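# this is a predicted model, with the sequence first.
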Amino acid sequence: MAERLVLPTSQRASQPPDPEMLAALIDFGFGEEESTAALVATGNRNVDVAIERIIAVRDNPSLAAAPEPAPQPAGVPCEIRVRLADGKNVSGSFTSVQDLAAVHAWVATQESAVTFTLVVPGPPSVRRDFGGAGEPLSLTLQEANLVPNGQLIVQDPARVVAAAAAASAAQDADRIKSSFNNQARDEAQLKMTEERAKKAREQKRLDKLAQDKAKLALAEDKITRKYQTVVRKVKTLEAEELAAAVADIEAFLKANPGGCDQLRTIREELLAASTGAAAAPAAAPAPAPAAGGAAAAGAAAAGPCQIRVRLDGGQQVVHSLPSTDTVQELHAWVEPQHGSADFSLLIPGPPSIRREFGGAGEPLSTTLVAAGLVPNGSVTVQALAKKDKVSTAPEGAEFVPRMQGVARGGMMGGRGMGPPGMAMGMGMGMQGMPGMPGMPGMGGRGGMGGKP
């Protein structure tokens, strides 16, 4: 709790003459003795009061024998709260006309510091420093805006200097710490950037490996498909063609050591076939086997072979033949089904594996094994009379719009023709779907409508 102290009246009344006021009275022409007595008698209130006192004493010398009683300070009461340097709070009662010197003298009796100033606390806009290098202590409490109450802080200059030095040292320490923190942050950011770059490089490497693997898989699939076809026709190829195929496969496997096992198997088959084809011309004719042995070998080689046949009308039939037979036997079996011998047999598929037997194609004497129809296969019957021809519309037919054809009682899709390379429908509403070379095409939608 703050301690309340009041400055005694005797301390306020018994004051020596103010040197400045005394010098001013002497300059005005008054004597030093009477000026000193006037200032003491008036309590150094001001020069005007002292002059009035001198004039009054000259007019009435009896006033000099009895000193003028100390006047009561004018103004309003003022409560001043002071915080000492050690943190202790004290309060004192003054009047608004008293100056800060009186407050300073009172605080000196409570403060252990030899030199100090009085500070009005607050932000820079309201902060004021009295004494020392600050504002003068001659200001009244009214002029210092400390009425009716105010708060002051005792400030020791030595302590201020020490506090400033400590604050400066703390700022320097914070600055050094901040520089260390910045350096650590920069190092962490650099490390993070390097890790991200490393991950990006690794991901790029993995992506490239995946792309290379996909490209290799496509290349393997392409060359495998290519030479699977060659394997099917291996007995019809010359030794030079087989050797070229083997060399191509070996070059691929050398460039791609991780090639698939299926391609290596194809190479071995082609290599064996190539070796056999090269040795066949140079080999001496083998002696004819005994009749019994030939019969036994033929019986062993003969095996069931299932062949699916698509007839000219679209029907499908299945026929079983020994694998030692030729395509001629199959052609002879189909002849009653077709109604004539004027047809060829097609092995359907893309141009790389498509084969035709009979007519202008391969000879019918080709074995089923050489034709790739063992142990099973599929062929399509193609009438030679319809090959490379496009039929015309039947006599009496007329083209009508599709909807009109429906109304008139007929909507008939044109039958596809089968020229090599493309087949056309005779449809009026929509073009027919192309068929395979030599095969019937799909009829157009909404073709020629028949008359009712």
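Done, it's in. Residues are numbered from 1 along each chain as shown.
# rest of the way, CA atoms for contacts and neighbours
Noted.
# may I see the buried residues of stretch 351-360?
355-358 (16 or more other C-alpha atoms under 10 Å).
# which of the residues you listed fall within strands?
Counting by DSSP state E, these place 355-357 in strands.
# can I get the residues you listed in CSV with distance to Asn182?
Listed next are those as CSV, based on distance: C-alpha to C-alpha, whole Å:
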residue, distance to Asn182
Arg355, 80
Glu356, 83
Phe357, 87
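# quick one: average pLDDT of the lengthiest helix in the chain?
When the chain is parsed with DSSP state H, its longest helix is helix 157-232. Across helix 157-232, the average pLDDT comes to 84.
# what is that helix packed up against?
The contact analysis (3 or more C-alpha pairs under 8 Å, 6 or more residues apart in numbering; DSSP states H and E) places helix 157-232 against helix 261-282.
# quick one, helices of the stretch 51-200 of the chain?
100-108, 157-232 (DSSP state H, counting those that start in this stretch).
# now the element after the last one, going C-ward?
What it means is helix 157-232. Next helix or strand after helix 157-232 toward the C-terminus (DSSP states H and E): helix 239-255.
# buried ones in that following helix?
For helix 239-255, the neighbour count (16+ other C-alpha under 10 Å) marks 239, 242-243, 245-246, 249-250, 252-253 as buried.
# from these, pick the one nearest Asp86.
Leu253 (95.8 Å; C-alpha to C-alpha).
# look up how far Arg264 lies from the closest one.
Distance, Leu253 to Arg264, using C-alpha to C-alpha, to the nearest Å: 8 Å.
# and if you look at Ala102?
Distance, Ala102 to Arg264, using C-alpha to C-alpha: 116 Å.
# so the longest helix of the chain versus helix 239-255, what angle?
Compare the direction of helix 157-232 with that of helix 239-255 by axes from the mean of the first three to the mean of the last three C-alpha atoms, to 10 degrees and you get 170 degrees.
# ok now helix 157-232, how far from the chain's centre?
Relative to its parent chain, helix 157-232 has a centroid offset of 14 Å by C-alpha atoms, centre = their mean, to the nearest Å.
# same check, this time on stretch 323-332
With C-alpha atoms, centre = their mean, you get 67 Å for stretch 323-332.
# as CSV, could you dump the C-alpha coordinates of that stretch?
What follows is stretch 323-332 as a C-alpha-only set of coordinates in CSV (Å, rounded to 0.1, in the frame of the first residue of the first chain):
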residue,chain,number,x,y,z
SER,A,323,-3.5,-85.5,-91.2
THR,A,324,-1.6,-87.2,-94.0
ASP,A,325,-4.3,-86.2,-96.6
THR,A,326,-4.0,-83.3,-99.0
VAL,A,327,-6.3,-80.4,-99.6
GLN,A,328,-7.5,-82.3,-102.7
GLU,A,329,-9.3,-84.8,-100.5
LEU,A,330,-11.0,-81.9,-98.6
HIS,A,331,-12.0,-80.3,-101.9
ALA,A,332,-13.4,-83.6,-103.1
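# what comes up buried for that stretch?
Going by 16+ other C-alpha under 10 Å, stretch 323-332 has these buried residues: 323-331.
# now, which of the residues you listed sits nearest Leu311?
His331 (11.7 Å).
# picking that back up, out of the ones in strands among the buried residues of stretch 351-360, the closest to Thr366 would be?
Phe357 (8.3 Å).
# what's around the spatially closest residue to the closest one that is not a sequence neighbour, how many residues?
Using C-alpha to C-alpha, 6 or more residues apart in numbering and skipping residues adjacent in sequence, the residue nearest Phe357 is Leu345, 5.2 Å away. With neighbours defined by other C-alpha atoms under 10 Å, the count for Leu345 comes to 26.
# contacts for the host helix or strand of Leu345, please.
In the assignment (DSSP H and E), Leu345 maps to strand 343-347. With C-alpha atoms under 8 Å, 6 or more residues apart in numbering as the test, strand 343-347 has contacts from 331, 353-359, 378-385.
# quick one: which two of those are the most distant?
Most distant of those, by C-alpha to C-alpha, are Ile353 and Ala385, 24.2 Å apart.
# list the buried residues for stretch 107-123?
Neighbour counts over stretch 107-123 (16+ other C-alpha under 10 Å) mark 107, 111, 116-120 as buried.
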